[in-house]
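S.K.: structure for this input, please:
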Amino acid sequence: MEILSVLGAVMDLNQWLVLAMFLTFIVMLFRGIPVVYALVGVSLLFAVIGAVLLDPNRKFINEFIEFSRTGITYNKLSVSGGRFFGGTIKNPVLVALPMFIFMGLMLDQSGVAQKMMKSMQVLFGALKGGLALSVMLIGIILAASTGVIGASVVLLGVMGIPAMMNQNYAKPIATGTIAASGTLGILIPPSIMLVIMSDQLAISLGDLFMGALFPGLLLGALYIIYIVAFGLLFPKSMPIPEDHEPVTAKIVLEVAKSVVPPMGLILLVLGSIFFGLATPTEASGLGALGATLLALAARNLDFKVFKDVMRQTLNTAGYIVGIFIAANFFALVLRRYGGDEIIENLVLGTFDNPYMVIASILFIIFLLGFLLDWIEITLIIMPLMLPVVLGLNIPVEGYGIVDDPSVVWFAILVAVTLQTSFLTPPVGFALFYLKGVCPPNISLLDIYKGIIPFVLLQILGLMIVFFFPEITTWLPAVAYGN
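M.R.: Residues are numbered from 1 along each chain as shown. Modelled structure (predicted):
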């Protein structure tokens, strides 16, 4: 009985330490400390605290003193580094990460978005809400090419806001359209978030890419339907320009010339994965090469542009890999406290219904989206929730082909939830990206007003995917079945 009481006290202490780790991490973020330093600092602090409180024989401290006294050699660092890095650098899935980042950045430099904007603006000029529709369609194409929310929102804002203001669009519909279309990059493949999710959840990247395609297109379709309906119901908020040109064969040809190259690149990348012609890593190389050739064909590629793209790719990929390593360190310390079991028991003990458990997890992730970037949520929270999802045994139909269909479904639900949190006031990241490129006469309140209908559409899309999991598993099953 005495042993049980001691173990119970230790478990209580572990629970407090797990809670303290998360709270300390959040406080450090609010203090403006970079996330990598916050993760490593919290991990080191609580590793020492755990050694003092949970190791009465001071074994950990004695080993550390001996380690320091005998010198820090290359062999010691390589052994310790292998534990903390967790094979991050050698992970073949993550090779695709810098390639997809390079692809998106190079497409930004190629000028294809600007060409599409000009040609589509002429094509849809005679329609009510035609300019907003053009921005939305370009946002969908950019989502499938860049995969980075910040880049898409800023690019669409720089191109779309001046054009919409010159055409006397209402500020809320203009800002809402741009913010919503820019966030599609987190979901529509090849999204770099899906690449990271594939690694953290130990599932096929091809399954995730194919599983995310229909939900992403579903949200895009909901946005387009809303814009068309809004233009018909409130024509004064989305006026037709008085000097619009009639649609001719020449205009249609110009649109085709501006849309076909990026769409062809996207089909090359995704099609090679869907039809089993290339792995996602190989397809990312094709995408990077194709984006470079498009920039070269558009005569927008020189040494300066290439150097800038390479530097931005290195910075972004290095930032993500740094968080990978720091998150692995954080997870190592958390697991020493039994954090996995504590969180699993806490979540599973909330509801008896497994679908309610999933809903509660999504709500927690939605709230975390106000405080953390998607990278931290994907690297820290997703691995902790994986045992919970697997333990629920939710019967998601995988047609006998898709590995772990319930995990694929859960990953797509999380992606849609994070996209919603990026749009939701008052802390949605996409809203602040947009505010940074808006003229002074557009206030944050205008952006908040414009985004509300799109957030409701996001929730509707999330509910559709939640109640119809086959939307995420049908395409991977068909592709592998053939």
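S.K.: how far off centre is the top helix by length along the chain?
M.R.: Longest helix in the chain by number of residues (criterion: DSSP state H): helix 303-336. Centre-to-centre, helix 303-336 and its host chain are 15 Å apart (C-alpha atoms, centre = their mean, to the nearest Å).
S.K.: after it, which helix or strand is next?
M.R.: helix 339-348 (DSSP states H and E).
S.K.: so which elements touch that following helix?
M.R.: Applying 3 or more C-beta pairs under 8 Å, 6 or more residues apart in numbering; DSSP states H and E, one finds that helix 339-348 contacts helix 2-30, helix 354-371, helix 382-392. Where you see a C-beta, it was placed from the backbone N, CA and C, and this is true even at glycine.
S.K.: just name the most buried of these.
M.R.: Highest mean neighbour count of those: helix 382-392, a mean of 19 (counted as mean count of other C-beta atoms under 10 Å).
S.K.: and the angle for it with helix 339-348?
M.R.: Using axes from the mean of the first three to the mean of the last three C-alpha atoms, to 10 degrees, one finds that helix 382-392 and helix 339-348 are set 50 degrees apart in direction.
S.K.: contacts for helix 382-392?
M.R.: For helix 382-392, contacts defined as C-beta atoms under 8 Å, 6 or more residues apart in numbering pick out 197, 200-202, 331, 334, 339-340, 343-344, 347-348, 354, 357-358, 361, 404, 406-407, 410-411, 414.
S.K.: and the angle from the very next helix or strand once past that helix to helix 354-371?
M.R.: For helix 382-392, the succeeding helix or strand toward the C-terminus, using DSSP H and E, is helix 405-423. Helix 405-423 and helix 354-371 are oriented at 40 degrees to each other (the same axes, to 10 degrees).
S.K.: ok so, going back, out of the helices and strands packed on helix 339-348, which gets nearest to Val465?
M.R.: Closest approach to Val465 among the helices and strands packed on helix 339-348 (C-beta to C-beta): helix 354-371, 10.6 Å.
S.K.: the closest one packs against which elements?
M.R.: Going by 3+ C-beta pairs under 8 Å, 6+ apart, helix 354-371 lies up against helix 339-348, helix 382-392, helix 405-423, helix 444-467.
S.K.: then stretch 107-119 to PDB, C-alphas only?
M.R.: The C-alpha trace of stretch 107-119 is given here as PDB (Å, rounded to 0.1, in the frame of the first residue of the first chain):
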ATOM      1  CA  LEU A 107       6.600  30.400 -59.000                       C
ATOM      2  CA  ASP A 108       6.100  33.700 -57.100                       C
ATOM      3  CA  GLN A 109       9.100  35.000 -59.000                       C
ATOM      4  CA  SER A 110       8.000  33.800 -62.400                       C
ATOM      5  CA  GLY A 111       5.200  36.300 -62.700                       C
ATOM      6  CA  VAL A 112       2.500  33.800 -63.600                       C
ATOM      7  CA  ALA A 113       0.200  35.100 -60.900                       C
ATOM      8  CA  GLN A 114       0.300  38.600 -62.200                       C
ATOM      9  CA  LYS A 115      -0.500  37.400 -65.700                       C
ATOM     10  CA  MET A 116      -3.400  35.300 -64.500                       C
ATOM     11  CA  MET A 117      -4.800  38.300 -62.600                       C
ATOM     12  CA  LYS A 118      -4.800  40.500 -65.600                       C
ATOM     13  CA  SER A 119      -6.300  38.000 -68.000                       C
END
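S.K.: low-confidence ranges, the stretch 151-300 of the chain, go.
M.R.: Across the stretch 151-300 of the chain, the ranges flagged by pLDDT under 70 are 151, 242-247.
S.K.: go with 90
M.R.: The stretch 151-300 of the chain contains residues with pLDDT under 90 at 151-213, 216-217, 220, 227-300.
S.K.: can you map out the helices along it?
M.R.: Ranges of helices in the stretch 151-300 of the chain, per DSSP state H, counting those that start in this stretch, are 171-182, 192-201, 205-233, 249-274, 280-297.
S.K.: any idea which of these is most buried?
M.R.: The stretch of the helices of the stretch 151-300 of the chain with the highest mean neighbour count (mean count of other C-beta under 10 Å) is helix 171-182, at a mean of 27.
S.K.: now the helices and strands packed on helix 354-371 as a markdown table including mean pLDDT and distance to Pro172?
M.R.: Below are these laid out as a markdown table (pLDDT from 0 to 100; distance: least, C-beta to C-beta, whole Å):
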| stretch | mean pLDDT | distance to Pro172 |
| --- | --- | --- |
| helix 339-348 | 71 | 38 |
| helix 382-392 | 83 | 34 |
| helix 405-423 | 88 | 13 |
| helix 444-467 | 90 | 3 |
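S.K.: mind putting the helices of the stretch 151-300 of the chain in CSV, distance to Gly160 included?
M.R.: Output for the helices of the stretch 151-300 of the chain, formatted as CSV (distance: least, C-beta to C-beta, whole Å):
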stretch, distance to Gly160
helix 171-182, 5
helix 192-201, 23
helix 205-233, 13
helix 249-274, 16
helix 280-297, 21
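S.K.: for Ile377, find the nearest of those.
M.R.: Minimum separation from Ile377 across the helices of the stretch 151-300 of the chain (C-beta to C-beta) falls at helix 192-201, 9.4 Å.
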